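Novice: okay, structure incoming, though there's no sequence with it:
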């Protein structure tokens, strides 16, 4: 099988749109694994977040065997057997790996190095996949040296703003990034890594308490192939940035 990806180039050219009738395992799962040193989380987490919250956008960005494939650029046509071993691929579920391979061949973005994928900017990944630039919110309480224009105003405000963003995970792609030394390293949180948010479980907060008091966040790491649930109050300490559209 061959997949053709239609991605927005860095120079902001208009991308063609194609649709896919997803009737096989090509897009059956966004859970992948790769035991390598490629730094793919900025791209893999973004693809996974789109697959969760906005699958229609992804379906407009790829096509498989057939006439529509002819309109894709040759370098963004990816056959399963041609996938580099370092992409986030698990068995025959290879949508994320195909997008990563196509993006790497296209190039033009930080981290896409033709033969490998290095540390990149998830804002670029969102733009590649949708043609729209996202926002990146830096959390002031967790990142006092940050210089983003939309820096939030301190620990208490951060919790309100962060939770409001994570709550949108079923309506738009939401990912968060950790800093250098995650407190929850015992929970397998890795430094400088991006995770896709897949759900918010509210629990049963007492009357008058903040909605996040008893909440748990469900999030996914594509490269390591796991989904984890942590209490919001614990996870909060490790989140440095959130990528979102609004």
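Specialist: Thanks, I have the structure now. Owing to the predicted nature of the structure, the values given are computational and were not obtained by experimental measurement.
Novice: C-alpha from now on. contacts and neighbour counts both.
Specialist: Will do.
Novice: quick one: the residue nearest the centre of the chain and residue 121, what's the gap?
Specialist: Nearest to the geometric centre of the chain sits residue 46, at 1.8 Å (C-alpha atoms, centre = their mean). In this structure, residue 46 and residue 121 are separated by 10 Å, where distance is defined by C-alpha to C-alpha, to the nearest Å.
Novice: about what we covered before: ok, the residue nearest to the centre of the chain touching residue 126?
Specialist: Yes: taking C-alpha atoms under 8 Å as the definition, residue 46 is a contact partner of residue 126 at 6.5 Å.
Novice: show me where this protein has helices.
Specialist: Ranges of helices in the chain, per DSSP state H, are 41-53, 55-59, 95-106, 122-130, 155-166, 232-236.
Novice: circling back: got a list of what the residue nearest to the centre of the chain touches?
Specialist: Residues counted as contacts of residue 46 (C-alpha atoms under 8 Å, 6 or more residues apart in numbering) are 122, 125-126, 173-175, 196.
Novice: how much space is there between it and residue 82?
Specialist: Relative to residue 82, residue 46 is positioned 23 Å away (criterion: C-alpha to C-alpha).
Novice: please apply the same query to residue 101.
Specialist: Distance, residue 101 to residue 82, by C-alpha to C-alpha: 9 Å.
Novice: who has more neighbours out of these two?
Specialist: residue 101 (29 against 11; other C-alpha atoms under 10 Å).
Novice: in this protein, which strand has the most residues?
Specialist: With DSSP state E applied, the strand covering the greatest number of residues in the chain is identified as strand 194-201.
Novice: that strand: partners in the sheet, and parallel or antiparallel?
Specialist: Within its sheet, and counting by DSSP bridges, strand 194-201 is paired with strand 175-178 (antiparallel), strand 216-221 (antiparallel).
Novice: could you give the angle of that strand to helix 155-166?
Specialist: Calculated by axes from the mean of the first three to the mean of the last three C-alpha atoms, to 10 degrees, strand 194-201 forms an angle of 90 degrees with helix 155-166.
Novice: tilt between strand 194-201 and helix 41-53?
Specialist: Going by the same axes, to 10 degrees, strand 194-201 makes 30 degrees with helix 41-53.
Novice: any buried residues in strand 194-201, and which?
Specialist: By neighbour count, with 16 or more other C-alpha atoms under 10 Å as the criterion, the buried positions of strand 194-201 are 194-201.
Novice: how far off centre is it?
Specialist: 10 Å (C-alpha atoms, centre = their mean, to the nearest Å).
Novice: and stretch 221-235, end to end?
Specialist: With C-alpha to C-alpha as the measure, stretch 221-235 spans 14 Å from end to end.
Novice: same check on stretch 230-246?
Specialist: From the first residue to the last, stretch 230-246 extends over 24 Å; the measure is C-alpha to C-alpha.
Novice: do you know the pLDDT at residue 31?
Specialist: For residue 31, the pLDDT comes out at 29.
Novice: now for residue 10: which residues touch it?
Specialist: Under the criterion of C-alpha under 8 Å, 6+ apart, the contact list for residue 10 reads 108-109, 124, 128.
Novice: need the residues you listed in JSON lines (columns: neighbour count).
Specialist: Converted to JSON lines, the contacts of residue 10 look like this (neighbours: other C-alpha atoms under 10 Å):
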{"residue": "108", "neighbour count": "15"}
{"residue": "109", "neighbour count": "17"}
{"residue": "124", "neighbour count": "24"}
{"residue": "128", "neighbour count": "22"}
